[in-house]
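**Student:** predicted model and sequence below, questions to follow.
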Amino acid sequence: MSNSDGKPRRAAVAANDRPGDTAVDMERIRAAVREVLLAVGEDPDREGLRETPDRVARMYAEMFSGLRRDPREPLRKTFTQKYDEMVLVKDIGFESMCEHHLLPFIGKAHVGYLPKGKIVGLSKLARAVERLARRPQVQERMTEELADLLMEELDARGVGVILEASHTCMTIRGIRKAHSICTTSAMRGAFRTNESTRAELMALVYGSR
């Protein structure tokens with residue numbers, strides 16, 4: 001399968017394409033967290049840390065819930081509609097986890113598409129972002145997977161995705177640049193091949209700043 005610009009299309013990730021489609025092993029996480037506390041010289045049995053392994057296990061189950069939820073599912077209910085101009089949803093907040101340090105990156109997604117006879121509920125775009133975000137990954141891959149997912153499921157004439165995020169792996173450790181923002185984009189179909197369409201998307205996203 002190829003994009004309309006002739007480039008091979010990567011299949012968007014579904015829930016069963018990755019490990020983790022079974023229940024989270026909470027006890028294994030608790031044991032691992034306890035070992036980490038011991039390794040850094042803490043006493044996991046002291047009052048303040050006694051329930052920390054359980055808290056962390058519940059947090060990981062929540063933060064990685066996207067591994068067990070199909071991001072395609074929210075996009076499967078569409079509506080026939082004769083509308084061929086851009087649909088854009090800006091500032092969709094998301095929280096994800098950097099797979100390199102297991103530290104969160106937090107930001108917003110701007111998602112635009114050009115319909116081809118059918119549209120999807122606006123909240124469904126946000127749900128797709130949420131499900132893709134809740135897994136360990138890098139922002140670059142999340143951006144491409146979201147664009148490919150929308151292109152395939154909506155059979156759109158074009159899709160444009162822009163993600164902006166602050167990565168705690170570089171704001172609270174290492175280089176410690178607190179105000180740095182990473183911006184990634186993925187353009188498919190008309191957004192990639194038509195400069196004026198791409199420029200319109202950028203103007204709608206950034207024009208008021």
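**Tutor:** Good, I have the coordinates. None of the values given here were measured: they were computed from a predicted structure. Residues are numbered from 1 along each chain as shown.

**Student:** tell me who's in contact with the closest residue to residue 118 other than its chain neighbours.
**Tutor:** Spatial nearest neighbour of residue 118, chain neighbours left out: residue 78 (4.3 Å); criterion: CB to CB, 6 or more residues apart in numbering. Just so you know, the C-beta spots here come from the backbone N, C-alpha and C atoms, and that holds for glycine as well. Neighbouring residues of residue 78 by CB atoms under 8 Å, 6 or more residues apart in numbering: 118, 119, 120, 154.

**Student:** residue 78 pairs with what?
**Tutor:** residue 120 (DSSP bridges).

**Student:** that one and residue 72: what is the separation?
**Tutor:** Going from residue 78 to residue 72 by CB to CB, to the nearest Å gives 12 Å.

**Student:** same thing with residue 88?
**Tutor:** Residue 88 is 21 Å from residue 72, by CB to CB.

**Student:** that older thread, give me the buried entries from the contacts of residue 78.
**Tutor:** 119, 120, 154 (16 or more other CB atoms under 10 Å).

**Student:** kindly reformat the contacts of residue 78 as CSV containing distance to residue 197.
**Tutor:** Shown next, in CSV, are the contacts of residue 78 (distance: CB to CB, whole Å):
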residue, distance to residue 197
118, 19
119, 17
120, 19
154, 16
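
**Student:** columns pLDDT on top of the residues you listed, output as CSV?
**Tutor:** Shown next, in CSV, are these (pLDDT from 0 to 100):
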residue, pLDDT
118, 95
119, 97
120, 97
154, 96
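
**Student:** for residue 54, state which of those is nearest.
**Tutor:** Residue 54 has its nearest neighbour among these in residue 120, at 38.3 Å by CB to CB.

**Student:** what separates the closest one from residue 162, distance-wise?
**Tutor:** 19 Å.

**Student:** do residue 63 as well
**Tutor:** Using CB to CB, residue 63 is found at 23 Å from residue 162.

**Student:** more crowded one of the two?
**Tutor:** residue 162 (21 against 18; other CB atoms under 10 Å).

**Student:** quick check: that one is in a strand.
**Tutor:** Yes: Residue 162 forms part of a strand when assessed by DSSP: H, G, I helix; E, B strand; the rest coil.

**Student:** residues contacting the residue nearest the centre of the chain?
**Tutor:** The centroid of the chain falls nearest to residue 133 when counting by CA atoms, centre = their mean (3.1 Å). Going by CB under 8 Å, 6+ apart, residue 133 touches 66, 94, 95, 96, 142.

**Student:** show me the shaky parts of the chain.
**Tutor:** 1-22, 208-209 (pLDDT under 70).
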